[in-house]
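> Provide a 3D model corresponding to the input given below.
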Amino acid sequence: MEDTSHHRNAVAVIPARGGSRGIPRKNTRLMAGKPLLAYSIEAARAASCFSSVYVSTDDDEVAEIARRFGAEVIRRSPGLAGDAVTLDAVIVDACEQLARRHPEGPPRFVATIQPTSPLLTPRTIREAVERCITGGADTVLTVIDEPHLAWTRRDGTPVPLYASRVNRQQLPPYLRETGGVVVCPTGQLASGTRFGHRIEALEISKEEAIDIDDYYDWWLAEKVLRRKRILFHVVGSRESGLGHVYRALTLTYRLPAHQVSFLVGEPSRLAAEILERSHQQVAVVGSGDEPAFILEESPDLLVNDVLDTSESFMAAIRSAGITSVNFEDRGPGSVYADVLVNAMYDEGFRTRRPNAYDGVEYCCLRDEFYSIEPRPPAAEVRRILVLFGGTDPSNLTSRCLGWLDRASGPWSITVVVGPGYGDFEQLERLAGAASHEIVLVRDTNVISKHMAEADLAVTSAGRTVFELAALGVPMIVIAQNEREEHHAFATSTPGAIYLGPARNLSSDHFSESLRELLSGRLLRRKMHEALCNSDIRGGIGRVLRLIEDLAAGTGRE
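Below you'll find the predicted structure:
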């Protein structure tokens, strides 16, 4: 534990009067379940760098709340509680009273901590005190850097406060006082102000800088205080595919009110690269070290998108009191999940467990699919789309491309492969020697565009089936692995011709199905209508409600 013995002469003073114009009685009002004043008291005490924490007030209710949360009270006169009174005068008064209480000598340092900064952390308070004590500054104050193209008025005319118009990132620092923490030696107060000649600015985050002046500030602070820590535990590799990663990313984009981070094991390094490119906070741990990391982090909510979980792993999570949502989990650990979501593997979980939600109505489309609509089916097939997920470990892309090229017809072929595809050069050779026009697309972030332009598609029995269905694209579906053979929607929807597992796939079977689709205008129309009638687009809303409801019931208010 940190040695704080040299801080014994430092005290915190929290000035909290009873009146307030912007929000009446704001210091005593409940914010996210407890009085606003309580947050600054608790942060000051948790900083462990003060001999005492005091609240200076003119109000009986404020004084009582201060005592309830572990602070001592300094009563100030009504003359020091008016709107025009500066904090310097209040802190000078508080230290004079402390000097009379403690004849052995007043504290050497005093930290003013604002009661209207409920998001200040103990770490920030401790650092401000440390800097003042060890750095020799007359004053240490918290600031936020907010460079903007700013203006003022001179004789009523707007005048710029900048030399030239540049991007915000190129502007010089603009340090705005937050008022959250101001630390000074008590000797500095002899001049009547807490601010001396040697000033040190401690830069803090925008979140910590929130100051409650009006109801908007109050709403914003409550939003942050109620935010939950959600940890997404995902897999993503050439073997497991990348659908888990993309689904998790899609969900996080819809959870901006929460603090989201990711965990992947070392074998999922490809997943980590994709998440880092998406500017997510990612922790990569050794294979098998995930449980220890989760238990140490102790998130409010754990989202497991790692396929089948073990009983020992999930039992440890449950024993630690961590709430969990598991996706497509058919493993023995699934019985310990608080919620199970299985959009792909509709195996009747709902009939056995009330906390299991399965079927196409719980699929999660990426955001790009909500700004595009299905187009009517074309009379003739002009464009065929081939895509087998982000990795295509069985290389079905090359196999199907060869079969397609041997069939005659006036179509072009678009091939989309993901970042984990193994042999792109082979595809380039195939495309160069093909009789049809073949367009190769690698690692696109606008897959919906290519899907919407297709008259039919050839794909695997993964999440791409849901995406094609959302755009009404008739498709030939091939299961890449044993797990995909259980994808209920892909294998049973009238909008797809399912050819079974890749290991049993033959050229004749594929070519026969292709001919049926190419010549069957009425068939393609019926498939299009069946797909458009599926309950696809509402799935992410249902999943998000499950996550939000679980998150709301966790943590401490």
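
> can you list the low-confidence ranges for the protein?
Applying pLDDT under 70 to the chain picks out residues 1-8, 346-352, 555-557.

> how about a cut-off of 50?
1-6, 349-350, 556-557 (pLDDT under 50).

> domain map for it?
According to automatic domain parsing, the chain comprises the domains 5-224, 227-365+542-552, 370-532.

> mind putting those domains in CSV, mean neighbour count included?
C-betas here are computed from N, CA, C, even on glycine. CSV is the format used below for those (neighbours: other C-beta atoms under 10 Å):
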stretch, mean neighbour count
domain 5-224, 17
domain 227-365+542-552, 19
domain 370-532, 18
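
> phi first, then psi, for the residue lying farthest from the centre of the chain.
When distances are taken from the C-alpha mean of the chain, P103 lies farthest, 52.8 Å away, according to C-alpha atoms, centre = their mean. Per-residue torsions, P103: phi -60, psi -20 (degrees, to the nearest 10).

> ok, it to S52 distance?
Counting by C-beta to C-beta, to the nearest Å, the gap from P103 to S52 is 16 Å.

> try M527
For M527, the distance to S52 (C-beta to C-beta) stands at 75 Å.

> again, but for R383
For R383, the distance to S52 equals 75 Å [C-beta to C-beta].

> G538 now?
57 Å.

> that's a helix at T152, yeah?
No: counting by DSSP: H, G, I helix; E, B strand; the rest coil, T152 is not part of a helix but strand.

> OK, contacts around it?
Contact analysis of T152 by C-beta atoms under 8 Å, 6 or more residues apart in numbering lists 158-159, 161.

> so it bridges to which residues?
Beta-bridge pairing for T152 (DSSP bridges): V159.

> please shift the residue numbers so they start at 51 in all later answers.
With the count now opening at 51, the last piece we talked about shows up as T202.

> tell me if I'm right that Q476 and L451 touch.
No: applying C-beta atoms under 8 Å, one finds Q476 not in contact with L451, separated by 9.8 Å.

> tell me how far E92 lies from A307.
23 Å.

> which residues does the nearest residue to E487 once chain neighbours are set aside bridge with?
Once flanking residues are discounted, E487 sits nearest to S462: 4.0 Å by C-beta to C-beta, 6 or more residues apart in numbering. When bridges are called by DSSP bridges, S462 pairs up with R433.

> residues touching S462, list them.
Residues near S462 by C-beta under 8 Å, 6+ apart: 432-434, 486-489.

> go again with 7 Å.
Counting by C-beta atoms under 7 Å, 6 or more residues apart in numbering, S462 touches 433, 486-487, 489.

> elements contacting whichever strand in the chain runs longest?
Ranked by residue count, the top strand of the chain under DSSP state E comes out as strand 225-235. Counting contacts by 3 or more C-beta pairs under 7 Å, 6 or more residues apart in numbering; DSSP states H and E, strand 225-235 packs against strand 159-163, helix 172-185, strand 189-195.

> what's the closest of these to R276?
Proximity to R276 (C-beta to C-beta) singles out helix 172-185 among the helices and strands packed on strand 225-235, at 19.8 Å.

> and the spatially most central residue of the chain, helix, strand or coil?
Compute the mean C-alpha point of the chain, and by C-alpha atoms, centre = their mean the closest residue is V310, 3.2 Å away. Under three-state DSSP, V310 falls in the strand class.

> show me the beta-bridge partners of it.
Judged by DSSP bridges, the bridge partners of V310 are I280.
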